[in-house]
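Participant: I would like to see how this sequence folds:
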Amino acid sequence: MEVNKRIGEGKMQGQLHQLLEGLLYSSVFISFCGFALTVETYLLARLPVSLPMAVFVFLATLFTYNLSSVQSILRHPSQRVNSQDPVWGQRHKKGLAVLGVLSISAAVVLYFWFDLRVNPWFLLHLALISIGYTVPVLYKRRRVKPLRSVPLLKVFLIAYVWAVVTAVLPLLDAGMEVWQPETVKFFLRRFLFILALALLFDIRDYTYDKGMNTLTFPGWIGVRNTKLFSLGLLLLYVLVLLSSESGLILWALVASAVGAAVIVWRSAVNRPRAYFAILADGAMLLHAGLVFLATAVVG
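Facilitator: All right, here's what the predicted structure looks like:
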């Protein structure tokens, strides 16, 4: 009886582990973080929440993070996938490619069905950055490396796209203008916060980037100084908050910055990928969750 109980518990733990891996490495979790930050922007701007826009951000993020799998399968459709590969994404490459295609298809339908008020030309520049970040292009018959290989550029591209998608797009859909002071304020705050977190993924990828001869901040100024740079960005973020927020909302945003700072300080090159996937990405979810609670209390 006891043996059967232990076997059942082992199976359940195995299933939970597989579910967690699926959520993290299929990019569903980080896409939900994008959804949450989009909703947060509406709350902070005291605007009605547009669920179609939030779902659009979720789907667009899901496509972007699975774009490398889509590209790989399109270029080599008959490739064999090694089911024993230790990397989860490699074992499920075909499934991730299908997920990517379905998500971008659903995002396009959502955009037109709900008539989202974001200029398609504005979306195009985000698409070009997102695609160019991962996919190498051909220029005059020469293969040009993806944007992520440009020295020191990776973290700024990530922060820019995330800030625009989760902070600017909701405001544009609500009828605000790109250069409106309120829009610029939200962009700047989100950019600083995401940039501080993006530096953690430079730390995570330090060994890989070094092997690929890609210069990143840890390779340039060292891991410790990269963490200090990230903490400095979070401090600057808090200073900006002090000039633009007050009351319980301010405390919620500052608390999320403190939580992010703890995650930054405890990061290291030898941390498992799950640390970055759960905690670094989860800092965005904490950010949105605290704002949601604060706005619920304030009413």
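Participant: Now do the strands in the chain.
Facilitator: 137-139, 142-144 (DSSP state E).
Participant: Run a quick neighbour tally on the closest residue to residue 271 other than its chain neighbours.
Facilitator: With sequence-adjacent residues excluded and distances taken as Cβ to Cβ, 6 or more residues apart in numbering, residue 271 is closest to residue 204, at 7.2 Å. Glycine gets a C-beta too; all of them are placed from N, C-alpha and C. Close neighbours of residue 204, defined as other Cβ atoms under 10 Å, add up to 21.
Participant: what's the answer for residue 103, then?
Facilitator: Burial of residue 103 is recorded as 23 neighbouring residues (other Cβ under 10 Å).
Participant: pretty sure it contacts residue 67?
Facilitator: No - with contact defined as Cβ atoms under 8 Å, residue 103 does not reach residue 67; the gap is 10.1 Å.
Participant: picking that back up, which residues touch the residue nearest to residue 271?
Facilitator: Residues counted as contacts of residue 204 (Cβ atoms under 8 Å, 6 or more residues apart in numbering) are 267, 269, 271, 273, 276, 280.
Participant: residue ranges with poor pLDDT in the stretch 101-250 of the chain?
Facilitator: 136-144 (pLDDT under 70).
Participant: how does it look with 50?
Facilitator: 139 (pLDDT under 50).
Participant: Does residue 149 touch residue 212 like I think?
Facilitator: Yes - with contact defined as Cβ under 8 Å, residue 149 reaches residue 212; the gap is 7.1 Å.
Participant: If you count surrounding residues, which of those two has more?
Facilitator: Between residue 149 and residue 212, residue 149 has the larger neighbour count (other Cβ under 10 Å), namely 16 against 11.
Participant: so what's that one up against?
Facilitator: Residue 149 sits next to 212, 214 when contact means Cβ under 8 Å, 6+ apart.
Participant: Tell me the spacing between residue 248 and residue 182.
Facilitator: 20 Å (Cβ to Cβ, to the nearest Å).
Participant: if you count what's nearby, which of those two comes out ahead?
Facilitator: residue 248 (16 against 13).
Participant: Can you tell me the closest non-neighbouring residue to that one?
Facilitator: For residue 248, the spatially nearest residue (Cβ to Cβ, 6+ apart) is residue 294, at 4.5 Å.
Participant: cool, and residue 42?
Facilitator: Leaving aside its chain neighbours, residue 42 sits nearest to residue 49 (4.4 Å; criterion: Cβ to Cβ, 6+ apart).
Participant: for residue 165, same thing?
Facilitator: Distances taken as Cβ to Cβ, 6+ apart put residue 57 closest to residue 165, at 5.7 Å, once the chain neighbours are dropped.
Participant: Pretty sure that neighbour sits against residue 169.
Facilitator: Yes - using Cβ under 8 Å, residue 57 is in contact with residue 169, at 6.8 Å.
Participant: ok, now which ones touch the closest residue to residue 210 other than its chain neighbours?
Facilitator: Computed as Cβ to Cβ, 6+ apart, the closest residue to residue 210 that is not its neighbour in sequence is residue 219, at 5.8 Å. Applying Cβ under 8 Å, 6+ apart to residue 219 gives the contacts 206, 209-210.
Participant: What's the separation between residue 219 and residue 151?
Facilitator: 9 Å.
Participant: just to revisit the earlier point, need the per-residue pLDDT for the residue nearest to residue 248.
Facilitator: If you check residue 294, the pLDDT there is 95.
Participant: Pull up the gap between it and residue 249, please.
Facilitator: From residue 294 over to residue 249 (counting by Cβ to Cβ), the distance is 5 Å.
Participant: Could you tell me how many residues sit around residue 165?
Facilitator: 22.
Participant: Same check on the one 4 residues further on?
Facilitator: Residues contacting residue 169 under the criterion other Cβ under 10 Å number 24.
Participant: Identify the residues contacting it.
Facilitator: Listed by Cβ under 8 Å, 6+ apart, the contact set of residue 169 reads 38, 53, 57, 118.
Participant: and the first one, how many residues sit next to it?
Facilitator: Residue neighbour count, defined by other Cβ under 10 Å, stands at 26 for residue 38.
Participant: same thing with the second one?
Facilitator: As a burial measure, residue 53 scores 25 neighbours (other Cβ under 10 Å).
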